[in-house]
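>>> Turn this into a model:
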Amino acid sequence: AVADHNSVSRLRARIALSLAGGRGCTSTPTCDIEVFAENEEGCELVYCHGLVQLRRPVGANLLWLGRTASRPVHESVRGHRRLPAGGCWSPRHGKNASPAVLQPVLRTVAEAILGLTLAVVQLLGAEQVELQAMDDGSGRLVNFYERHGLVVAQKDGDTDRDPRRKAWTRMEGPTAAVAQLAPEAWLMDLVPSDFLPAEWLQQETTRLWQDRVHAGRLPRWEWVVSSPSRGLLCTTLTRCRDRKEPREFLIIDVRLVSTKGRDVARGQAVAFLDEGLLWVTQLACGHGDGWLLVYALPLENRGPGRIPSEVRAAPAVAVLGLLATVAQWFGVTAVRLEPFEPGSGRMMHYFLNIGFSNISPGQQVEVNGPTAGVIAAAPLLEAKCDQLAPRCCPPQWSDDILRAEDKNRFEQVLSVKELPPGCLAKRHGKGSWAGRCGALRERPSITNDGALRERPSVTNEGALRERLSITNDGGRTLHMARKDRPPKSRAMSGTR
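Numbers count the residues shown, from 1 in each chain. Here you go, the predicted structure:
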């Protein structure tokens, strides 16, 4: 931008987005803002550097005000107040004086560049700014920032880990108060009128994460959580491949382990970046995946396959919310799954109540066969990521994952996981209750004449079972009945 000033001829700003949160974290979107003021010869007069960490809440740090290479402000503009920055004042009566004696407030170039930097920081969503005032003991620098709305956040006797910062003073304050120092004309010329900060951040963050997928440098996090169940939360991102698919995909695995080392909940999903879709392949709770909510891929340790209650399913739903939260970083907009159950509709209605909708076409009910009375194809449920993530993921989880240490930051390019061929095609709704869940189980039995006969049965709760018998004339009769439940044992009373 061109500045209308006798010393400043050019304003220049640079905004750079990266994934580096510091202290081993590689998943926090961090935005560097640099603003330069130059004269006609291109000589640097003032330079300001700010840093915005896009977490909740969004925080900002003012790193330097002066010139690059840790130099002070140029002598030609240092201390000269020549810029009107809005507002009026009176040398005698202050702001409460009559309009006849009010005079425009004049600022230095350094104050104007500071205000420009904080104005851009405010556009990116940061409401508070923090800095370390490198005061030499005179108190002039601290008084300078206090006049512009910042306050001292620590006492003089407080210690700091860095010995060089022992003499520095930590200060903080609202960005809106400091942003008022920016001349309105400079701000309008510097920031393009069509600049949309929220959309720009979303697009650039998605591009950075997709670049990391192609490079194979994906993170792995582990941190302790306290709710809905206390334990260690492990999240891993890995590239995966299906031989029947033309390209590689991203698999997200989340596991919540109790303090005793037993699995509390586990979720696994495949992100299709080109389709903007997250296909949930597994969602279970309990040790050994004993209670299943979603079951689309073969499990290593196959559990009994029971349907959990709403209370028991709470940790698994939180894992589902974290899957949707991480998938949003890569531009995924929809979550799709097939609930685990042999047609009773109990788990399907549970997902409908937390925001999913049925996108399957109208499906017919089988009349004959081992699953008579049961819907032939599993319903396909879908929800939007931006609605499911805040509804299901605990806020503490979504905040901690942006601060957690990346365990893979020193690893080389990670390997690609092989999936069973054709398993990802089920995301288009080509599964069935019995075939997908493994509900049917063939049990041969021997008849009186020594021949074998097959007795398929559905082993899940609420499922139908088929019983075949041979009549006197050699024919076959089909008997359909509900699965019998064992009677509950009654408590014994009295003395022995």
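>>> Could you list the low-pLDDT ranges of this protein?
Confidence mapping of the chain against pLDDT under 70 gives the ranges 1-5, 21-23, 85-104, 154-167, 288-290, 295-305, 341-344, 361-378, 413, 429-496.
>>> mind redoing it with 50?
For the chain, the stretches with pLDDT under 50 are 88-93, 101, 156, 159, 299-304, 364-376, 431-448, 452-485, 490-496.
>>> hey, which helix is longest across it?
helix 197-215 (DSSP state H).
>>> can you map out the helices along the stretch 301-450 of the chain?
Along the stretch 301-450 of the chain, counting by DSSP state H, counting those that start in this stretch, helices occupy 314-328, 346-353, 385-392, 395-400, 433-437.
>>> same question but for the stretch 101-250 of the chain, I mixed them up
Under DSSP H, counting those that start in this stretch, the stretch 101-250 of the chain gives helices at 109-123, 140-146, 175-179, 184-190, 197-215.
>>> Give me the phi and psi angles of the closest residue to residue 424 other than its chain neighbours.
The shortest distance from residue 424 to any non-neighbouring residue, by C-beta to C-beta, 6 or more residues apart in numbering, is to residue 242 (4.8 Å). The C-beta positions use only the backbone N, C-alpha and C, and glycine is treated the same way. As for residue 242, its main-chain torsions (degrees, to the nearest 10) stand at phi -120, psi 120.
>>> Check the burial of residue 242 by counting its neighbours.
For residue 242, the count of nearby residues is 18 (other C-beta atoms under 10 Å).
>>> and if you look at residue 229?
Neighbours around residue 229, by other C-beta under 10 Å: 17.
>>> do residue 119 as well
Neighbour count of residue 119, defined by other C-beta under 10 Å: 23.
>>> picking up where we left off before, same list (the helices of the stretch 101-250 of the chain) but as JSON lines, adding distance to residue 347.
Converted to JSON lines, these look like this (distance: least, C-beta to C-beta, whole Å):
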{"stretch": "helix 109-123", "distance to residue 347": "45"}
{"stretch": "helix 140-146", "distance to residue 347": "58"}
{"stretch": "helix 175-179", "distance to residue 347": "47"}
{"stretch": "helix 184-190", "distance to residue 347": "54"}
{"stretch": "helix 197-215", "distance to residue 347": "31"}
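>>> mind listing what's buried in the longest helix of the chain?
For helix 197-215, a neighbour-count test (16 or more other C-beta atoms under 10 Å) marks 201, 204-206, 209, 212-213 as buried.
>>> Stretch 306-324 now?
Judged by neighbour count (16+ other C-beta under 10 Å), stretch 306-324 contains these buried residues: 307-308, 312-324.
>>> cool, and stretch 16-34?
17, 19, 21, 25-31, 33-34.
>>> Over to stretch 267-276?
267-273.
>>> again, but for stretch 250-266
Buried residues in stretch 250-266 (16+ other C-beta under 10 Å): 250-257, 263-266.
>>> For residue 119, list the residues it contacts.
Going by C-beta atoms under 8 Å, 6 or more residues apart in numbering, residue 119 touches 179, 182, 187, 191.
>>> which one of those residues has the most neighbours?
Neighbour counts for the contacts of residue 119, by other C-beta under 10 Å, peak at residue 182, which reaches 27 neighbours.
>>> how close does that one sit to residue 239?
Relative to residue 239, residue 182 is positioned 45 Å away (C-beta to C-beta, to the nearest Å).
>>> now residue 352
Distance, residue 352 to residue 239, by C-beta to C-beta: 32 Å.
>>> just residue 249 next, same as before
7 Å.
>>> Same question for residue 256.
23 Å.
>>> Check residue 321 too.
Applying C-beta to C-beta to residue 321 and residue 239 gives a distance of 23 Å.
>>> which among the contacts of residue 119 gets closest to residue 287?
Closest approach to residue 287 among the contacts of residue 119 (C-beta to C-beta): residue 179, at 53.9 Å.
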